[in-house]
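1. Quick one, what's the 3D model for this:
(chains A, B and C)
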Amino acid sequence: MPNIKEILEKLNPAQREAVESIEGPVLVIAGAGSGKTRTLTTRLAYLVSLGIPAERILLLTFTRKAAREMITRAEALVGNSCGKVQGGTFHSLCHYMLRQYGYLLGFSPNFTVLDRGDSEDLLNLLKNSLGFPGAKRHAPKKETLASILSKIKNQGKTLEEIITTEYPNFVDLIPQIERLFKEYELYKREHQLMDYDDLLINWLTILKDYPQVREEVGRRYNYIMVDEYQDTNLLQGEIVVYMASSHRNVMAVGDDSQSIYGFRGANYRNIFDFPKHFPEARIIKLEQNYRSTQPILDLANAVIERSKIKYTKVLFTEKKEGPKPILFRAKDDHAGSEFVADEILRLTNEEGVPLSQIAVLMRAAFHSYDLELELTKRGIPFVKYGGLKLLESAHIKDVVSILRILVNPYDFLSWNRVLLLLEGVGPRSAERIVNLLKTSDLESAIFNIKRQFSQPELQKLLNLFQDLMGKRLPPLETLSQVLSFYEPIFERAYFEDAHRRERDLESLIALSEKYETLEEFLTDLVLEPIYSSEVEGERKEEILTLSTIHSAKGLEWHTVFVLSVIEGRFPSSYSLLNPEELEEERRLFYVAVTRAKERLYLIAPLTIYVPGEGRTFAKLSRFLQEVPKGLYVEYGRQEKPIAQAQKEEKGASINMPFKVGDLVRHPRFGEGEVMKVVDQEKVMVNFVGKGPTLLHLKYATLERLSP
DNA sequence: CCGTACAATGTTTTT
DNA sequence: CATTGTACGG
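-> Reported below is the predicted structural model:
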């Protein structure tokens, strides 16, 4: 095993300073690819090698996976049992603490955590029972309500502020919304429920109101490290301050130019506030990039330079030269998919790049739909991170609701969902049954329901509960019993695409095997959500990654493809009205670009299909338009693999420069597609709006959009 | 009171 | 396009 001194010597001076500053607060500003993870893992190993018990170290990261990986890497460095280091997300930490201290606020240890969908369902339930008087049409949807509420909690704003600035059309409804939110809070408290925000708020409340808890926690965790600090919000920032208040041994690591979670209340200014809370904080900057080649970094720097906000550092590299980023203007999404698939095969077959070292990144999960079909067609295996999570599909939620009731019988939200699935039970009966459950203890309530309602499926459900409650079987066994009850319901409700959905149920079974208690299984499902392709892809060694940029945070690959680099998709059209959101899109693009080590491809379709408008032309993303052309190489639609075309260069035909399928622009008629090459001088072009038109190239000046 | 058939409706990013 | 609300028949 290497000795810790040797390990330290491999670090650059700034990294080493960060590792060795162990007492007192430290703020590390770490640029993309600057060895941040390496620094954190080395510091972990260093602390343990100094004899600090691993269980006294707390590592807060963005996903539990990231925490686990860092801990494993630290273990590989010093071999000591770093395994006992406490690591996870803010939400999982808060959950863990609340299971112990939640009683101070009246919560039992097995409270249920609501995911976003659950919160929305509950808001909807209350909205309907309160009856939004007056404007039924104009009442906010449950999604809107949930996001307003979350903003209030995470950004410390008032309902009035949010409504007047962001949802002025609901100004008249403020009193009703206020009332609804109060009901929502009350309902959760009465039924042992917490939503994501409550986890943070409730733990923070305990830290604030109970100095003895604060001290206990301070004794328990002597060293705190927080990764991705730019993506923490107000509440999380405060939690850090309180948890470190007794010893002040806290290191925050972040990069203001990579903050991409503003929409969820994250505020990169937390980084600048850190020295306010901890005036004695040492500030260390990591500016040398070890990840990307110079051309990739040049593009990244050019993109972020044009930002309105001045960021704290500029990246530099000593790394070798490499190919320039490639921009591919595809005819449409499908042509883009074919290009990506071709290139992936070329890279793996000819250049020997492992599939696991390639990623396709996108702004929104649906941008890769077409590509996914193409990859499946060609038998290229992939995992996709982002988009719908396992828990978010209806059939999984059904099953999970049954499991939740077993853990927390007061979870009437789940009761309600499950009851509505049953044959012969509608909203009305469900309400009456829930009322019975509310008024007496569980056993007699079930007894009463059985007497008053005769629906066979309901009887079966209650028998199942009586059978399983209190037995505490392993999750796998409980799940298989629940599934055999659920099967007829499943087939009735989802008979159309039962097959696809069945795979998810199998994934759920596979997941459950790893857990010893149902409680753990259920909370992990909410706190550490998993994508269905993750479970399936687990076995395969060599597998391509598809990911939203948000989910690609902190990761790197040899080759990166970025899809849909066009206006409206990236930047997203939702962000165009708000300069701050647009800035976030820019940072997001910066994050995407800086994931690549050697090769970067940017894909931009020339036309896209817009639901109501048909096929329309797409503009190249402003993030590329603003940047000097020399920073990337542009390729058009090619029949040949790119390497070959690179060599041949432009030996284009002189007579007829167009071919069928080319996209062209005419000064008067606008944009269109070449339908037919009539002869050496004439083409038929289908113009947007005008329709098919015959053009003489002698007279008409046609500009080609797809070279 | 339940279930179904149909229309409408709006589709980012995530713990 | 898939979910969510509404209208109506059983």
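2. next SSE after the least confident helix or strand in chain A by mean pLDDT?
-> For chain A, the helix or strand with the lowest mean confidence is helix A:642-648, at a mean of 45 (criterion: mean pLDDT, DSSP states H and E). Next helix or strand after helix A:642-648 toward the C-terminus (DSSP states H and E): strand A:663-666.
3. Neighbouring strands - and their directions - for that following strand?
-> strand A:670-677 (antiparallel), strand A:703-704 (antiparallel) (DSSP bridges).
4. Alpha carbons only: can I get it in CSV?
-> Taking C-alpha atoms only, strand A:663-666 is exported to CSV below (Å, rounded to 0.1, in the frame of the first residue of the first chain):
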residue,chain,number,x,y,z
LEU,A,663,-32.0,22.0,-47.3
VAL,A,664,-31.7,25.3,-49.1
ARG,A,665,-32.6,29.0,-48.6
HIS,A,666,-33.9,31.4,-51.3
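5. State the mean pLDDT of it.
-> Averaging pLDDT along strand A:663-666 gives 80.
6. so how far is A:Ile148 from the residue of the stretch 501-650 of chain A found nearest DNA strand B?
-> At 3.2 Å from DNA strand B, A:Tyr574 is the closest residue in the stretch 501-650 of chain A, using Cβ to the nearest atom of the strand. Bear in mind the C-beta positions are built from the backbone N, C-alpha and C, glycine included. Separation of A:Tyr574 from A:Ile148 (Cβ to Cβ, to the nearest Å): 16 Å.
7. returning to what we had before: how about the strands paired with strand A:663-666, which one is nearest DNA strand C?
-> strand A:670-677 (21.8 Å).
8. buried set for that closest one?
-> For strand A:670-677, burial by neighbour count (16 or more other Cβ atoms under 10 Å) applies to A:Glu671, A:Gly672, A:Glu673, A:Val674.
9. Low-confidence regions, the stretch 451-600 of chain A specifically.
-> The model of the stretch 451-600 of chain A has pLDDT under 70 over residues A:538-539.
10. All the strands of it, in order from the start?
-> Taking DSSP state E, counting those that start in this stretch as the criterion, the stretch 451-600 of chain A carries its strands at A:544-548, A:557-562, A:596-605.
11. could I have the longest one exported to PDB, CA atoms only?
-> So the one you mean is strand A:596-605. Output of strand A:596-605 as PDB, limited to C-alpha atoms (Å, rounded to 0.1, in the frame of the first residue of the first chain):
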ATOM      1  CA  ALA A 596     -15.300  15.500 -22.700                       C
ATOM      2  CA  LYS A 597     -11.600  14.500 -22.400                       C
ATOM      3  CA  GLU A 598     -10.600  13.900 -26.000                       C
ATOM      4  CA  ARG A 599     -13.400  14.200 -28.400                       C
ATOM      5  CA  LEU A 600     -16.500  16.400 -28.500                       C
ATOM      6  CA  TYR A 601     -19.400  16.200 -31.100                       C
ATOM      7  CA  LEU A 602     -22.200  18.800 -31.200                       C
ATOM      8  CA  ILE A 603     -25.300  17.700 -33.000                       C
ATOM      9  CA  ALA A 604     -27.700  20.300 -34.400                       C
ATOM     10  CA  PRO A 605     -30.600  19.200 -36.600                       C
END
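12. related to what we said a few turns ago, go through the strands of the stretch 451-600 of chain A and name the closest to A:Glu6.
-> Evaluated over the strands of the stretch 451-600 of chain A, closeness to A:Glu6 peaks at strand A:596-605, with 25.4 Å, by Cβ to Cβ.
13. Contacts for the following helix or strand past the closest one, please.
-> Per DSSP H and E, strand A:596-605 leads on to strand A:607-610 as the next helix or strand towards the C-terminus. The contact list for strand A:607-610, computed with Cβ atoms under 8 Å, 6 or more residues apart in numbering, reads A:Lys331, A:Asp332, A:Asp333, A:Ile566, A:Arg569, A:Arg615, A:Thr616, A:Phe617, A:Ala618, A:Leu663, A:Glu673.
14. Go again with 10 Å.
-> Under the criterion Cβ atoms under 10 Å, 6 or more residues apart in numbering, residues A:330-333, A:335, A:370, A:564, A:566, A:568-569, A:614-618, A:663, A:671, A:673, A:688, A:705-706 lie in contact with strand A:607-610.
15. Selecting buried members of these in PyMOL, what would you type?
-> Listed next is the PyMOL selection for buried residues among these, using 16+ other Cβ under 10 Å:
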select buried, chain A and resi 330+331+332+333+335+370+564+566+568+569+617+618+663+671+673+688+705+706
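16. Chain A against DNA strand C: which residues are in contact?
-> A:Asn124, A:Lys136, A:Lys142, A:Ser393, A:Ala394, A:Pro611 (Cβ under 7 Å from any atom of the strand).
17. So A:Arg500 is in contact with A:Glu536, correct?
-> No. Using Cβ atoms under 10 Å as the test, A:Arg500 is too far from A:Glu536 to be in contact (11.9 Å).
18. Isn't A:Arg704 up against A:Gly672?
-> No. Applying Cβ under 10 Å, one finds A:Arg704 not in contact with A:Gly672, separated by 11.3 Å.
19. Need the overlap of contacts for the two.
-> Contact with both A:Arg704 and A:Gly672 is made by residues A:Asp662, A:Leu663, A:Val664, A:Arg665, according to Cβ under 10 Å, 6+ apart.
20. contacting residues around the residue lying closest to A:Thr548 once chain neighbours are set aside?
-> Among residues not flanking A:Thr548 along the chain, A:Gly386 sits closest, at 3.1 Å (Cβ to Cβ, 6 or more residues apart in numbering). Contact partners of A:Gly386, counting by Cβ under 10 Å, 6+ apart, are A:361-368, A:531, A:546-552.
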